[in-house]
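[1] one predicted model, sequence on top.
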Amino acid sequence: MRSCRQLRKTWRFDNTKSITGDSDALGLVDIVRKSERGPLDLKDLALDLKPVAGAMPASHAVVRAEELRRVCERAREGYARLVALWGSDETARGAGFALHLALAFPSGILWASVPLAREHPRYPGIADIYPCANRMQRAAYDLLGIHAQDSPDRRKWVRHRAWPGGVFPLRKEFDIASRFPPADDQYPFVKVSGEGVHEIPVGPVHAGIIEPGHFRFSIVGEKILRLEERLCYKHKGIEKRFEALTPEQGARLAGRVSGDSTVAYAWAYAMALEGIGGTEPPVRALALRGILLEMERIANHLGDLGYIGNDVALAFGFFQFWRLKEALLRLNSELFGHRYLMDLVTPGGVARDLQRRQAERLIARLEAIGAEVAALKSIYDEHAGAQDRFIMTGQIAPELAEKMDLAGFAGRASGIRHDLRVDYPAAPWQQIGVQMASHTRGDVAARVSVRFDELFESIRLVQALAAQLPPGEIRVPLAACPAGGRGVGWVEGWRGEVLVAVETAGENRIHRVHPHDPSWQNWPLLERAVLGNIVPDFPLINKSFNLSYSGQDL
Amino acid sequence: MYQLLKQIAKTGIVTEPPPQSDESLRQIEQRLPEAILKHIGRALAIRHVDAGSCNGCELEIHACNGPHYNLERLGIKFVASPRHADMLLVTGPVSRNMEVALRRTFEATPDPKLVVAIGDCGCDGGIFGESYAACGRVANVIPVDVAVPGCPPEPKAILQGILTAISSGKRPAPTADRA
Ligand code: SF4
């Protein structure tokens, strides 16, 4: 058998001309040119900015479709990252459709809305400028029929067989109860052919206890040449469902976009509504939200660190970390009434207070858990077998991470130093100051290291917040949300930044909610992280990211 | 290595006694004869299928494998293929994009088989309900023997659901100790 290097010449990636894909294995996406001038400020874009009220700095601007690419190019050159892209139906408001972008600048978020025609709504695609936009543009087409022109990748994304092409569920005239006979579900994966190349299709039902999705591996021997993901098996109409709810009813649904990030979503959703109506949540509620968010971060890191051990045949790690995770979940249940803290963040505040005695118990229990994690960390650090599997496995280099906007702790493990708690320190973070964890190697070991650091930092934050809970109310009534209100919630969840954009309609109704999970950004990079690795390392690499299917599929 | 062994010794055994079965969770009468249940009960193979959950229910199913609940010591384990399974543990409202996959998984599971639906979503569609994108409860797609409510149900309740599915259904329903 010839070596991989010799074989490489003989492999062909079919369809790569027509489908470059969002994480094209051949690196066809142009390297983005960065200006020498450094970060660009929002004001340099010469847009008519309107402030969006709320806890996080945000502005809104209307951008004409002809201007869209110029704005995006300048934003990209100036280091602004694309946080989310979505569409909306404005026909009920006497217009056509709209495309929306959330771009993160050093001074805050820019919510850009691009008005589109009622007939043949289209806009110039931006996936060559922001590669992470590709899947979002495809989703916006499937759901609203707004079309990204000149996009090389026009495959469907959210639509499988539940509704036929040419039908768009997020259009206002579409009835949520509509049923269709199962449509044809053809999906052209990029084929790799050549000597010794095999395909392994995996899923949607996987071998482990994980969410459903389809992975198409092209391999030679044990090496992965290409991975292509197909997601959206869990699409259950969350965005459409929001539009039938009142803003207050939407809180429960927001907390179930991705169950493992329920606090982050509930907070982001509450933040958006509070901004719209001008509600000021009490300072005590904000401190309690901070505690809840960090407890969520600790729980998820504990669970994943256990599974990461399991995936390198260190079952010891699984049982130890899951013992600690269980202890934490029971503490949550005892103090807050829910193991995963669902429905505790509500618009206007939080649902439950923490008495002084309980706060003391929380601080003490976390001290004990922290000490145990420190002991386990040193066992992981010194375990040659585990480290051998971690180091240089599933690597995302900083340049690629930046180009594709790798988000959250995974981004921080690849040298992308962004953390909303540090970059825009709103209450309660400004009072205590958050230490950002980071690394530059971008491999499994780096993600493990960042997770450990963040876990310890979260323990410190919870303890600091619990030790000096400000007195006062924990909840105020949510002020009415006027028609045409626009709010942004933006929270650093355990996985990365969660954005919830809300527009309200008259009579206390929702016009549009777009919850955005950082997994949108990170899924395409999982495809890159596995290249050149062996198939048996896939579960390990996958777990080191642990991306949300539900949060992406909506 | 020494540290590792020391940690194991220090931790000891944290596993707790399993819950009793609870007949009130049963949706349809036990279809399997006593003789089969006797065998299954000691070596139950479960295939988990997430048919559209928010992933909250999965967190609790994972916890069932953890040391406090330690499903495996009861002879119950999760397997990688439906062809090896006696039981399907299904979460979520069934999304329409997962409907075919769930049906196929059910068909691929050899008889005799049991189905346990997990969570409010699995029981009645939960907060997501039925829509253009979701079929609602699991029983709308495949027959369900036992349904465990909760959002998400705690590991003890999940365990109880599994144990109920493999109990004969003739014992008086113990009501205490429901998580
Ligand atoms: S029952 Fe609750 S936790 Fe389970 S999938 Fe449904 S919403 Fe998520």
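    That came through, no problem.
[2] for the stretch 151-300 of chain A, what lies in contact range of chain B?
    Neighbours of chain B within the stretch 151-300 of chain A, by C-beta under 8 Å from any C-beta of the partner chain: A:160-163, A:169, A:174-180, A:182, A:204-205, A:207-212, A:232-238, A:240-241, A:252-253, A:256-260, A:262. For the C-beta atoms, the positions are set from N, CA and C on the backbone; glycine is no exception.
[3] again but with the stretch 351-500 of chain A, I slipped
    Going by C-beta under 8 Å from any C-beta, the residues of the stretch 351-500 of chain A near chain B are A:375-376, A:378-379, A:382-383.
[4] any idea how far A:Gly303 is from the closest residue in space to A:Lys377 that isn't next to it in sequence?
    Nearest residue to A:Lys377, sequence neighbours excluded (C-beta to C-beta, 6 or more residues apart in numbering or on different chains): A:Phe452, at 5.3 Å. Using C-beta to C-beta, to the nearest Å, A:Phe452 is found at 14 Å from A:Gly303.
[5] intersection of neighbour lists for these two?
    Residues touching both A:Phe452 and A:Gly303 (C-beta atoms under 8 Å, 6 or more residues apart in numbering or on different chains): none.
[6] hmm, back to that, most neighbours out of the residues of the stretch 351-500 of chain A next to chain B, which is it?
    A:Leu376 (22 neighbours; other C-beta atoms under 10 Å in any protein chain shown).
[7] OK, contacts around the residue nearest to that one when sequence neighbours are not counted?
    Leaving aside its chain neighbours, A:Leu376 sits nearest to A:Gln320 (5.5 Å; criterion: C-beta to C-beta, 6+ apart). Contact analysis of A:Gln320 by C-beta under 8 Å, 6+ apart lists A:306, A:309, A:372, A:376, B:7, B:11.
[8] ok, for the closest residue to chain B within the stretch 51-200 of chain A, nearest residue in space, not its chain neighbours?
    Residue nearest to chain B within the stretch 51-200 of chain A: A:Ala162 (3.6 Å; C-beta to the nearest C-beta). Counting by C-beta to C-beta, 6+ apart, A:Ala162 lies nearest to B:Arg96, which is 3.6 Å off, once chain neighbours are set aside.
[9] so what does the helix or strand A:Val114 falls within touch, helix or strand wise?
    Per DSSP states H and E: A:Val114 is located in strand A:108-116. Strand A:108-116 sits against strand A:58-62, helix A:65-77, strand A:97-105, strand A:122-124, strand A:486-492, with contacts defined as 3 or more C-beta pairs under 8 Å, 6 or more residues apart in numbering or on different chains; DSSP states H and E.
[10] and these, which is most packed in?
    Among these, strand A:486-492 has the highest mean neighbour count (mean count of other C-beta atoms under 10 Å in any protein chain shown), at a mean of 27.
[11] partner strands of that strand and their direction?
    Strand A:486-492 sits in its sheet next to strand A:497-505 (antiparallel), going by DSSP bridges.
[12] give me the next element, helix or strand, following the strand it pairs with.
    Next along the chain from strand A:497-505, counting by DSSP H and E, comes strand A:509-516.
[13] show me the shaky parts of chain A.
    A:1-38 (pLDDT under 70).
[14] and the residue of it closest to chain B?
    Closest point on chain A to chain B, by C-beta to the nearest C-beta, is A:Gly259, at 2.7 Å.
[15] report the contact partners of the residue nearest to that residue when sequence neighbours are not counted.
    Computed as C-beta to C-beta, 6+ apart, the closest residue to A:Gly259 that is not its neighbour in sequence is B:Gly56, at 2.7 Å. By C-beta under 8 Å, 6+ apart, the contact set of B:Gly56 is A:256, A:259-260, A:262, A:340, A:342, B:119, B:151-152.
[16] next up, phi/psi of B:Gly56, please.
    Phi and psi for B:Gly56, reported as degrees, to the nearest 10, are phi -70, psi -40.
[17] look up how far A:Ala98 lies from it.
    32 Å.
[18] touching chain A at all, the longest strand belonging to chain B?
    Of all segments of type strand in chain B, defined using DSSP state E, the longest is strand B:44-50. Yes - using C-beta under 8 Å from any C-beta, strand B:44-50 reaches chain A at B:48-50.
[19] could the residues you listed go into TSV alongside distance to B:Ile76?
    Compiled in TSV, the residues of strand B:44-50 next to chain A are given as follows (distance: C-beta to C-beta, whole Å):
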residue	distance to B:Ile76
B:His48	12
B:Val49	16
B:Asp50	18
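[20] identify, from those residues, the entry nearest to the ligand.
    The nearest member of these to the ligand, counting by C-beta to the nearest ligand atom, is B:Asp50 at 8.6 Å.
[21] give me the number of residues near the closest one?
    Counted with other C-beta under 10 Å, B:Asp50 comes out at 30.
[22] A:Glu211 is in contact with that one, correct?
    Yes - judged on C-beta atoms under 8 Å, B:Asp50 makes contact with A:Glu211 at a distance of 5.1 Å.
[23] between these two, which contacts overlap?
    A:234, B:58.
[24] quick one, what contacts residue 105?
    Since no chain was named, I'll use chain A. Contacts of A:Phe105 (C-beta under 8 Å, 6+ apart): A:39-42, A:75, A:78, A:80.
[25] nope, chain B please
    A:205, B:47, B:49, B:82, B:88.
[26] ok so, going back, any of the contacts of A:Phe105 buried? List them.
    For the contacts of A:Phe105, a burial check counting by 16 or more other C-beta atoms under 10 Å in any protein chain shown picks out A:40, A:42, A:75, A:78, A:80.
[27] okay, now the nearest residue to A:Leu499 once chain neighbours are set aside: neighbour count?
    The shortest distance from A:Leu499 to any non-neighbouring residue, by C-beta to C-beta, 6+ apart, is to A:His516 (4.3 Å). Per other C-beta under 10 Å, the neighbour tally for A:His516 reads 25.
[28] buried residues in stretch A:255-267?
    Buried residues in stretch A:255-267, defined by neighbour count with 16+ other C-beta under 10 Å: A:255-267.
[29] cool, and stretch B:92-112?
    Here stretch B:92-112 shows B:92-99, B:101-102, B:105-106, B:108-109 as buried, counting by 16+ other C-beta under 10 Å.
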